[in-house]
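Colleague: Could you work out the structure for the sequence below:
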Amino acid sequence: MNLAFPDLDDTRRLLDGVRDSVRMDIILMLGKSQSMNVTDIASEFRISRPAISHHLKVLKDAGIVTSEKIGQEIYYRLNAARLIGALRQIADIIENCCPPDKPA
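Modeller: Below is the predicted model:
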């Protein structure tokens, strides 16, 4: 059996990006806005700005968010196409490899 798996390191980074509840909240928050800076994001949480910056780094390394420096601030955006495409690819691989049981 020859399965076309995506790059495993890339897949691990993506899954690591979405496995944390704070990162999922950030993903959903960015999905509802055009872009946000660290201060805006941190104001919605009870954790430190450095902790938010760490979560954003993980998301950026996974390709889930992009960033753009405008003046002194860095603004983050959700890369929804990347996230949806990668998750769909993983689901397709699993479905083609191991179809779900059919109801009786």
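Colleague: Quick check: which ranges of this protein have low pLDDT?
Modeller: Within the chain, the ranges that satisfy pLDDT under 70 run 1-7, 99, 102-104.
Colleague: Could you pull out the strands in this structure for me?
Modeller: Assigned by DSSP state E, the chain shows strands spanning 36-37, 65-70, 73-78.
Colleague: and these as JSON lines, adding mean neighbour count and distance to Leu15?
Modeller: To be clear about C-beta, it is placed using only N, CA and C from the backbone, and glycine gets the same treatment. Formatted as JSON lines, the entries for the strands of the chain read as follows, by neighbours: other CB atoms under 10 Å; distance: least, CB to CB, whole Å:
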{"stretch": "strand 36-37", "mean neighbour count": "18", "distance to Leu15": "23"}
{"stretch": "strand 65-70", "mean neighbour count": "14", "distance to Leu15": "15"}
{"stretch": "strand 73-78", "mean neighbour count": "18", "distance to Leu15": "17"}
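Colleague: which parts of the longest helix anywhere in the chain are buried?
Modeller: With DSSP state H applied, the helix covering the greatest number of residues in the chain is identified as helix 80-97. Of the residues in helix 80-97, those with enough neighbours to count as buried (16 or more other CB atoms under 10 Å) are Leu83, Ala86.
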